[in-house]
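1. what shape does this take:
(chains A and B)
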Amino acid sequence: MLGVSLACKITNISHNLLSLLDKCKSILELKQLHAVVISCGLSQDDPFISKILCFSALSNSGDINYSYRVFSQLSSPTIFSWNTIIRGYSNSKNPIQSLSIFLKMLRLGVAPDYLTYPFLVKASARLLNQETGVSVHAHIIKTGHESDRFIQNSLIHMYAACGNSMWAQKVFDSIQQKNVVSWNSMLDGYAKCGEMVMAQKAFESMSEKDVRSWSSLIDGYVKAGEYSEAMAIFEKMQSAGPKANEVTMVSVSCACAHMGALEKGRMIYKYIVDNGLPLTLVLQTSLVDMYAKCGAIEEALLIFRRVSKSQTDVLIWNAVIGGLATHGLVEESLKLFKEMQIVGICPDEVTYLCLLAACAHGGLVKEAWFFFESLSKCGMTPTSEHYACMVDVLARAEIVGRKLIELEPNHDGRYIGLSNMYAVDKRWDDARSMREAMERRGVKKSPGFSFVEISGVLHRFIAHDKTHPDSEETYFMLNFVVYQMKLSCHEDNQERSLNDTSMEDDLLLF
DNA sequence: ATTGATGAAC
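-> Residues are numbered from 1 along each chain as shown, chains lettered A, B, ... in the order given. A predicted model of the protein is given here:
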């Protein structure tokens, strides 16, 4: 009688513990439940350990290192446990650990199964390491798993991520029954490899297109710099496709950022709000950057200020600090850097680039040196971009402009930079001689497009371009303005001969 | 228990 009731109690405790483990929310809670499992002597029972492993390895609030410690206590882990730990690492910051556990498995003579391989392939993809990917692929073939569609789909992704669209396509072609994931992986693969003609072709061949198909295509065009095309597809998606989600909006807001299309960008934001799309940190970062690049720094700050600081990361701080810097809001930029440190976000190389850009804008030589030196002190190695920024700071103080041209005699920006610097200092002869030296050495100034958005329509201009329908009128107005400017220069009786040519240079960029 | 889309500076 007593035995039966005790058995009942134990069953009850086990049952309660399992359901508590299912409802677990934080790693702290998990550790407490783990302690109960151990003190009840249940730590060798598979269902408990499996749940503990799953939460710590796979949950967002888990802890892969804790998971590994639990795993390494197991005398003979089940294939489920092996797969869980490999899967956890494949999503972690150290996907390489998946592969080393795989090797351990092989050494111990434990056979991976059809679920092990997708995680291993994903780990290789995240490492952008085709060599390990190929090794895993070889094991897949050796163990007879090459016809598993999940595995094939993950292989397409891996090869494409490594830049090998040819092999991705080989796997794709070998799939008997392609599903939407196969098609999306191939489409995205082409897009990632910059093969937009192929991506477009794949998109058109698909019988079933979901939100990921559209998003991949749009993002491909954005990454290829074909922003208008990306926007056109987004519009088509709204009329004839699935509902866009927050991932789609990241790509289209990125397109607006590059085009400087503020009105379209505002419409994107309205779309997000109207459709109740989740404002993820990634999307907020993209919006901050978009508003900043479109010249609407106030709106960028508005988005940024609404993000709770505990949820921020280094990328969004970089976006806002960089945005302020390019707007010449140097003090604000440096102030936000301090705020970032108070919040406890560690600056990275990009942060320092933004800070140096701010210093260049504000002519803050001393501060720039300080940032440049703290970069190394924080264990980072300054890249050529940091040196370039530093050079920019010092060049504005006329220290190293000429040195730079010696080092990079074929870089147009170096000449233009020094020439502009001289111009600021009103040393017109020196400035002119820089431009002449550039021409003499046959260094071409790379052409820059200008985009202007008027009532939602984007207009593109390039130097001496007459293809715009209103070109004649535009040039007429331009010449009129130039004439007026020259006239007023004359009236001021100032020596502006060089300014005249540089002005023409800039204005003829139309 | 599995696969596929997204953010910052040059």
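2. which of the residues in the strand or helix carrying residue A:351 are buried?
-> Element membership for residue A:351, per DSSP states H and E: helix A:349-362. Neighbour counts using 16 or more other C-beta atoms under 10 Å place A:350-362 of helix A:349-362 among the buried residues. Where C-beta positions appear, they are placed from N, C-alpha and C, glycine not excepted.
3. which other residues reach that helix?
-> For helix A:349-362, contacts defined as C-beta atoms under 8 Å, 6 or more residues apart in numbering pick out A:314, A:317-318, A:321-322, A:324-326, A:328, A:330-331, A:333-334, A:337, A:340, A:347, A:364-365, A:367-368, A:371-372, A:374-375, A:380, A:382-383, A:385-386, A:389-390, A:392-393, A:396.
4. which of those residues are buried, as a ChimeraX select command?
-> Buried subset of the contacts of helix A:349-362, written as a ChimeraX selection, criterion 16+ other C-beta under 10 Å:
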select /A:317,318,321,322,324,325,326,330,333,334,337,340,347,364,365,367,368,371,372,375,382,386,389,390,392,393,396
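5. circling back: is DNA strand B contacted by the helix holding residue A:351?
-> Yes. If you take C-beta under 7 Å from any atom of the strand as the test, helix A:349-362 does meet DNA strand B, through A:349-351, A:353-354, A:357.
6. reformat these as CSV; add pLDDT.
-> Below are the residues of helix A:349-362 next to DNA strand B laid out as CSV (pLDDT from 0 to 100):
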residue, pLDDT
A:349, 95
A:350, 96
A:351, 96
A:353, 95
A:354, 96
A:357, 92
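7. for these, which one is nearest DNA strand B?
-> Nearest to DNA strand B, judged by C-beta to the nearest atom of the strand, of the residues of helix A:349-362 next to DNA strand B is residue A:350 at 3.6 Å.
8. surely residue A:114 touches residue A:152?
-> No. Taking C-beta atoms under 8 Å as the definition, residue A:114 is not a contact partner of residue A:152, at 11.4 Å.
9. more crowded one of those two?
-> Higher neighbour count among residue A:114 and residue A:152: residue A:152, with 23 against 14, using other C-beta atoms under 10 Å.
10. tell me which element that one is part of?
-> Here residue A:152 is assigned to helix A:149-161, by DSSP H and E.
11. could you check the angle the helix or strand following that helix makes with helix A:149-161?
-> In the C-terminal direction, the helix or strand that comes right after helix A:149-161 (DSSP H and E) is helix A:165-174. Counting by axes from the mean of the first three to the mean of the last three C-alpha atoms, to 10 degrees, helix A:165-174 points 160 degrees away from the direction of helix A:149-161.
12. so which bits of helix A:165-174 are buried?
-> Of the residues in helix A:165-174, A:165, A:167-169, A:171-172 count as buried by neighbour count, 16+ other C-beta under 10 Å.
13. list the helices and strands it packs on?
-> Contacts defined by 3 or more C-beta pairs under 8 Å, 6 or more residues apart in numbering; DSSP states H and E place helix A:165-174 against helix A:149-161, helix A:180-192.
14. and that helix, how far from the chain's centre?
-> Distance of helix A:165-174 from the chain centroid (C-alpha atoms, centre = their mean, to the nearest Å) equals 26 Å.
15. next: stretch A:127-143.
-> Chain-centre distance of stretch A:127-143: 26 Å, with C-alpha atoms, centre = their mean.
16. now stretch A:226-239
-> Remark: stretch A:226-239 is offset 21 Å from the chain centroid, using C-alpha atoms, centre = their mean.
17. quick check, that stretch touching DNA strand B?
-> No. Stretch A:226-239 does not reach DNA strand B (C-beta under 7 Å from any atom of the strand); its nearest approach is 11.3 Å.
18. how far away is residue A:466 from residue A:259?
-> As judged by C-beta to C-beta, to the nearest Å, residue A:466 and residue A:259 stand 22 Å apart.
19. so those two - more neighbours on which side?
-> Set side by side, residue A:466 and residue A:259 show more neighbours around residue A:259, with 22 against 9, by other C-beta under 10 Å.
20. can you verify my assumption that the more buried one contacts residue A:457?
-> No. Counting by C-beta under 8 Å, residue A:259 stays clear of residue A:457, with 11.3 Å between them.
21. what's the closest of the buried residues of helix A:165-174 to residue A:11?
-> Taking C-beta to C-beta as the measure, residue A:11 sits nearest to residue A:171 out of those, at 48.6 Å.
22. where does the prediction get shaky in the stretch 401-510 of chain A?
-> For the stretch 401-510 of chain A, applying pLDDT under 70 flags the ranges A:401-404, A:417, A:424-425, A:445-451, A:463, A:489-510.
23. so residue A:146, which state does it fall into?
-> coil (DSSP: H, G, I helix; E, B strand; the rest coil).
24. what about it, distance to residue A:129?
-> 20 Å.
25. neighbour count for these two, which is higher?
-> Taking other C-beta under 10 Å, residue A:146 and residue A:129 do not tie; residue A:129 has more neighbours (18 against 15).
26. what is the neighbour count of the residue nearest to that one when sequence neighbours are not counted?
-> Spatial nearest neighbour of residue A:129, chain neighbours left out: residue A:162 (7.3 Å); criterion: C-beta to C-beta, 6 or more residues apart in numbering. Using other C-beta under 10 Å, residue A:162 has 23 neighbouring residues.
27. does residue A:162 touch residue A:126 like I think?
-> No. Taking contacts as C-beta under 8 Å, residue A:162 lies outside contact range of residue A:126: 10.7 Å.
28. what helix or strand is residue A:439 on?
-> Residue-wise, residue A:439 maps onto helix A:428-440 under DSSP H and E.
29. ok, residue A:460 next?
-> Here residue A:460 sits within strand A:457-461, counting by DSSP H and E.
30. give me the three-state assignment for residue A:67.
-> Secondary structure state of residue A:67, per three-state DSSP, is helix.
31. report the contact partners of it.
-> Taking C-beta under 8 Å, 6+ apart, one finds A:53, A:56-57, A:84-85, A:88 in contact with residue A:67.
32. can you list those in JSON lines and add neighbour count and pLDDT?
-> Shown next, in JSON lines, are these (neighbours: other C-beta atoms under 10 Å; pLDDT from 0 to 100):
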{"residue": "A:53", "neighbour count": "25", "pLDDT": "94"}
{"residue": "A:56", "neighbour count": "27", "pLDDT": "94"}
{"residue": "A:57", "neighbour count": "27", "pLDDT": "95"}
{"residue": "A:84", "neighbour count": "24", "pLDDT": "97"}
{"residue": "A:85", "neighbour count": "26", "pLDDT": "98"}
{"residue": "A:88", "neighbour count": "26", "pLDDT": "97"}
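33. please flag which of those sit within strands.
-> Nothing among those maps onto strands, per DSSP state E.
34. with those residues in mind, which one is nearest to DNA strand B?
-> Closest to DNA strand B, out of all of these and judged by C-beta to the nearest atom of the strand, is residue A:84, at 6.0 Å.
35. for residue A:103, see how far away that closest one is.
-> For residue A:84, the distance to residue A:103 - C-beta to C-beta - is 17 Å.
36. from the contact counts, what lies against the strand or helix carrying residue A:485?
-> Element membership for residue A:485, per DSSP H and E: helix A:471-492. Identification of packing neighbours for helix A:471-492 by 3+ C-beta pairs under 8 Å, 6+ apart yields helix A:497-507.
37. please redo it, this time with the cut-off set to 10 Å
-> Contacts defined by 3 or more C-beta pairs under 10 Å, 6 or more residues apart in numbering; DSSP states H and E place helix A:471-492 against strand A:457-461, helix A:497-507.
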